[in-house]
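1. Need coordinates for the following:
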Amino acid sequence: MLIRTLSARSTAAFILANEHSIALFKHFADLLPGFLQAVNDSCYQNDDSVLKSLVEIADTVPKYLRPHLEATLQLSLKLCGDTSLSNMQRQLALEVIVTLSETAAAMLRKYTNVIAQTVPQMLAMMVDLEEDEDWANADELEDDDFDSNAVAGESALDRMACGLGGKLVLPMIKEHIMQMLQNPDWKYRHAGLMALSAIGEGCHQQMEGILNEIVNFVLLFLQDPHPRVRYAACNAVGQMATDFAPGFQKKFHEKVIAALLQTMEDQGNQRVQAHAAAALINFTEDCPKSLLIPYLDNLVKHLHSIMVLKLQELIQKGTKLVLEQVVTSIASVADTAEEKFVPYYDLFMPSLKHIVENAVQKELRLLRGKTIECISLIGLAVGKEKFMQDASDVMQLLLKTQTDFNDMEDDDPQISYMISAWARMCKILGKEFQQYLPVVMGPLMKTASIKPEVALLDTQDMENMSDDDGWEFVNLGDQQSFGIKTAGLEEKSTACQMLVCYAKELKEGFVEYTEQVVKLMVPLLKFYFHDGVRVAAAESMPLLLECARVRGPEYLTQMWHFMCDALIKAIGTEPDSDVLSEIMHSFAKCIEVMGDGCLNNEHFEELGGILKAKLEEHFKNQELRQVKRQDEDYDEQVEESLQDEDDNDVYILTKVSDILHSIFSSYKEKVLPWFEQLLPLIVNLICPHRPWPDRQWGLCIFDDVIEHCSPASFKYAEYFLRPMLQYVCDNSPEVRQAAAYGLGVMAQYGGDNYRPFCTEALPLLVRVIQSGDSKAKENVNATENCISAVGKIMKFKPDCVNVEEVLPHWLSWLPLHEDKEEAVQTFSYLCDLIENNHPIVLGPNNTNLPKIFSIIAEGEMHEAIKHEDPCAKRLANVVRQVQTSGGLWTECISQLSPEQQAAIQELLNSA
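-> Residues are numbered from 1 along each chain as shown. Purely as a prediction, here's the structure:
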């Protein structure tokens, strides 16, 4: 038996080591039946090592199992259902199927019979609960027992629904859940409600259609005779409030708020009360403000009376579980209600301050942390004016906690609440917060500098260090794992985000700390244990440069040199696309701050290579997706995930465009020789057969070349001019917009070489503007860019077109209000024309003035121009000039609607 076990494990190790040699799998396919037999036999010998190898294969090389997939699944089902095996073995057998639903979903979806048998197995595990006399009033929340069948079943269901999709899973599970909810045994009702919570994410689309009946049914269980079923119902409501937000809030606000408030009154059952409060937090977090306002009085009244009651209980009995959740519920309501919370401020603040002052015992640390959070969120909601009466008290309380900070244990929950509260106080107080930095920065830097414990382990060691010690493991194959102690990682990430917040809010007031923060942040661009830390590190870079600017150019340049290499390298090596886009965005921002001369030749060389690689990868990924569309397992769910990949790729492309934009706008035509290495790839983006986002972003890059590198840009006109003229009339509005913008900057910045093309562009632009649906929501931005481009051609290349003929049309298309940048351009050209008394614009005897007034009024109503913009002043002056000639003024004003008249008045008052 031992020999079979070892040979089975070595087979698995060999397959895993050769995961990329698909051809090899065929030769070894014959070993699978024997391997499966070894899995079965070893389990009954109390050895689950071969079963673990099967899980590894399902995770890494699922295609190897294809020839005997039916047998693999049937074996896993049989082991999972055998109650004579240990819980661990049954869960591992289930893990094989669940892992396949994640790594080979399309392959597994064909075996609907097996999936249909797996569903009741998972539900049966979820019913495996213990009776517990003390459950309802336990004051400490025990962590879920990760080894329990109930937790394993719930997690498996969640992952399987996400992996296989709701179209397949929901019809299979719906009837089972309905039956469980009608079972007289509470454990079945509990499991049914928990199952409903678990599948919400994966079955999102399918559940949305029947949400009404689900919600009505679940709310009934908030009155179930058994407290643990009521708890599970709270759980389901809270989960749906998150999964289906904000539609859930819009449809069910009345029923849900009433039901949760009633459940919070369940005095004999603390756990249920606390969970109802937690569900209310989920509900209000994603609730649109306008929906919550009508309930504010009632919500506040309930929350206040429960808080008072629970404060008394804390003093008399020392119980705190419900109070912890209620304090957070109050914070969440204030956070959503914002200034509407002002009338209730004085009702809560004294009690909350009292808790922070007096809850100093160790077991009250979490309560105190949550209360600090609540106070700072209320302060942010009601604003500086109202909060100022308590600000110095609150700051003193925080400072007092802060001085005890060094005595706090590393896992003290107050630390992360404190750190976030400081940042909120900084937002409320603005520049006045600067005085507290010396006290705040020490602990913040200490937390941001946490170094995680890591270890390389084999499977046996890993089992000895179980999850509850806060370790997480990444399987490296061959029974080896990489472990990291996750304690402190979230706190580290929060601390880094708060440093970003200080730099953003305090600007030059933060200058004293820029050097130590930069030294901390730059190495964190490579902190692969936590995405949030890398994102914060990237975000901090341009902000720190802004802070350091007051120290003069030399200091600034030194700081930039310290960052620059690391940022460029991070763009080349970052594995996660969401983090990568943040790093690229920050790098572009840094270049905008530093300007011309900030990159040396080595930087340019490295950056050129990286951007080239990103663009090549973009095209390669598109080809790979086409190949996957030909795969035998291709189905509509695969198409959905390919679409997601595609969106990710396009997002990275937008960031390549950001970086090039910042380089062109800083370096102008000097950078064109460097750009030539990328030119063929950008030309490839705008080929007619490419998808529209490629053409849109390719055009945007050429728009920048024209805008910032003219007249030298004409050297490349052969590559982009024809496509640009063609794409003005493209089917995709995004492509039309990018093309129209390009033609506008060509008129504005392009040299004389571009003149004939301006003449050619005009009728194309007019055709787009005059087409029937040009003002439809999806088309309006493209259309406004066309109108602006026509204005720019008349203004900057007037001899290329017949201005007299075009002007009356152009006036009839104004004002622009969607694209704010182009609106300013068109309004300032309009001002030029009026200030020069242009006869066509003013009309004979000024008869056009009422029309011009209505254009100005409409622009003001749509906030098309900011009042601090010089253009607003010019428009106001036009109006003031007319004001001095009585009769004309009356005539202009009388033709405006009351709203338009008010808008003209507003413009006069503010500009």
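2. who touches Tyr634 in this structure?
-> Applying Cβ atoms under 8 Å, 6 or more residues apart in numbering to Tyr634 gives the contacts 106, 628. No exception for glycine: its C-beta is placed from N, CA and C like everyone else's.
3. Wasn't it part of a strand?
-> No. Secondary structure of Tyr634, determined by DSSP: H, G, I helix; E, B strand; the rest coil: coil, with no strand assignment.
4. Now it: phi and psi?
-> phi -60, psi 130 (degrees, to the nearest 10).
5. From Gln626, how far out is it?
-> Counting by Cβ to Cβ, to the nearest Å, the separation of Tyr634 from Gln626 is 11 Å.
6. now swap in Cys687 and tell me
-> For Cys687, the distance to Gln626 equals 16 Å [Cβ to Cβ].
7. What of Val500?
-> 40 Å.
8. Among the two, which residue is more densely surrounded?
-> Neighbour tally, Val500 and Gln626, criterion other Cβ atoms under 10 Å: the higher count belongs to Val500, 21 against 10.
9. and the host helix or strand of that one, C-alpha only, in CSV?
-> In the assignment (DSSP states H and E), Val500 maps to helix 489-506. The C-alpha coordinates for helix 489-506 follow below in CSV (Å, rounded to 0.1, in the frame of the first residue of the first chain):
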residue,chain,number,x,y,z
LEU,A,489,-0.7,43.7,7.0
GLU,A,490,-4.1,45.4,6.9
GLU,A,491,-2.9,47.9,9.5
LYS,A,492,0.3,48.5,7.4
SER,A,493,-1.9,49.2,4.3
THR,A,494,-4.2,51.5,6.3
ALA,A,495,-1.2,53.4,7.6
CYS,A,496,0.3,53.9,4.1
GLN,A,497,-3.1,55.1,2.9
MET,A,498,-3.2,57.7,5.7
LEU,A,499,0.2,59.0,4.8
VAL,A,500,-1.2,59.6,1.3
CYS,A,501,-4.1,61.4,2.9
TYR,A,502,-1.8,63.7,4.9
ALA,A,503,0.3,64.6,1.9
LYS,A,504,-2.9,65.3,-0.1
GLU,A,505,-4.6,67.4,2.5
LEU,A,506,-1.7,69.3,4.1
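10. Quick check: next helix or strand after it?
-> helix 514-524.
11. Report all helices and strands that that following helix contacts.
-> helix 437-448, helix 489-506, helix 531-548, helix 553-573 (3 or more Cβ pairs under 8 Å, 6 or more residues apart in numbering; DSSP states H and E).
12. so it versus helix 489-506, what angle?
-> Put simply, helix 514-524 runs at 140 degrees to helix 489-506, going by axes from the mean of the first three to the mean of the last three Cα atoms, to 10 degrees.
13. ok, and what's touching helix 514-524?
-> Helix 514-524 is contacted from outside by 445, 448-449, 496, 499, 503, 533-534, 536-537, 540-541, 544, 547-548, 559, 562-563, 566, using Cβ under 8 Å, 6+ apart.
14. can we see that at 7 Å?
-> Applying Cβ atoms under 7 Å, 6 or more residues apart in numbering, the contact partners of helix 514-524 are 445, 448-449, 496, 499, 533-534, 537, 540, 544, 547-548, 559, 562-563, 566.
15. Quick one: buried ones out of those residues?
-> Among those, the ones that count as buried by 16 or more other Cβ atoms under 10 Å are 448, 496, 499, 533-534, 537, 540, 544, 547-548, 559, 563, 566.
16. Go through these and name the one nearest Asp649.
-> Arg534 (19.9 Å; Cβ to Cβ).
17. What sits closest to the closest one if chain neighbours are left out?
-> Val579 (5.0 Å; Cβ to Cβ, 6 or more residues apart in numbering).
18. Give the next helix or strand downstream of the host helix or strand of that neighbour.
-> Element membership for Val579, per DSSP H and E: helix 577-594. Where DSSP H and E defines the elements, the next helix or strand beyond helix 577-594 is helix 601-629.
19. Which elements pack onto whichever helix or strand comes after that following helix?
-> Downstream of helix 601-629, the next assigned helix or strand under DSSP H and E is helix 636-667. Contacting helix 636-667 under the criterion 3 or more Cβ pairs under 7 Å, 6 or more residues apart in numbering; DSSP states H and E are the following elements: helix 105-108, helix 577-594, helix 601-629, helix 692-709.
20. can you redo those helices as CSV with mean pLDDT?
-> Below are these laid out as CSV (pLDDT from 0 to 100):
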stretch, mean pLDDT
helix 105-108, 93
helix 577-594, 96
helix 601-629, 94
helix 692-709, 97
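21. Highest mean neighbour count out of those helices?
-> Most buried of the helices and strands packed on helix 636-667, by mean neighbour count (mean count of other Cβ atoms under 10 Å): helix 692-709, with a mean of 23.
22. rewinding a little: if we look at the helix holding Val500, which residues are touching it?
-> Outside helix 489-506, the residues that touch it by Cβ under 7 Å, 6+ apart are 415-416, 419-420, 422-423, 426-427, 430, 433-434, 444, 447-448, 450, 452, 510, 517, 524, 529-530, 532-533, 536-537, 539-540, 543-544, 547.
23. For ChimeraX, write the select line for the buried members of those.
-> To isolate the buried members of these in ChimeraX, using 16+ other Cβ under 10 Å:
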select :415,416,419,420,422,423,426,427,433,434,444,447,448,510,517,524,529,530,532,533,536,537,539,540,543,544,547
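24. hmm, back to that, check the helices and strands packed on helix 514-524 for me: which has the lowest mean pLDDT.
-> Note on these: helix 437-448 shows the lowest mean pLDDT, a mean of 89.
25. can you give me how far that helix is from the chain middle?
-> Put simply, helix 437-448 sits 27 Å off its chain's centre (Cα atoms, centre = their mean, to the nearest Å).
26. Can I get that helix in CSV, CA atoms only?
-> C-alpha atoms of helix 437-448 as CSV (Å, rounded to 0.1, in the frame of the first residue of the first chain):
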residue,chain,number,x,y,z
LEU,A,437,1.8,66.0,13.2
PRO,A,438,4.7,65.6,15.7
VAL,A,439,2.5,63.4,17.9
VAL,A,440,0.8,61.5,15.1
MET,A,441,3.6,60.7,12.8
GLY,A,442,5.7,58.4,15.1
PRO,A,443,3.2,55.6,15.6
LEU,A,444,1.9,56.0,12.0
MET,A,445,5.4,55.5,10.6
LYS,A,446,5.9,52.6,12.9
THR,A,447,2.8,50.9,11.7
ALA,A,448,3.5,51.7,8.1
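27. Now the residue most central in space within the chain: closest residue in space that isn't a chain neighbour?
-> Nearest to the geometric centre of the chain sits Asp578, at 8.9 Å (Cα atoms, centre = their mean). Nearest residue to Asp578, sequence neighbours excluded (Cβ to Cβ, 6+ apart): Asp531, at 7.0 Å.
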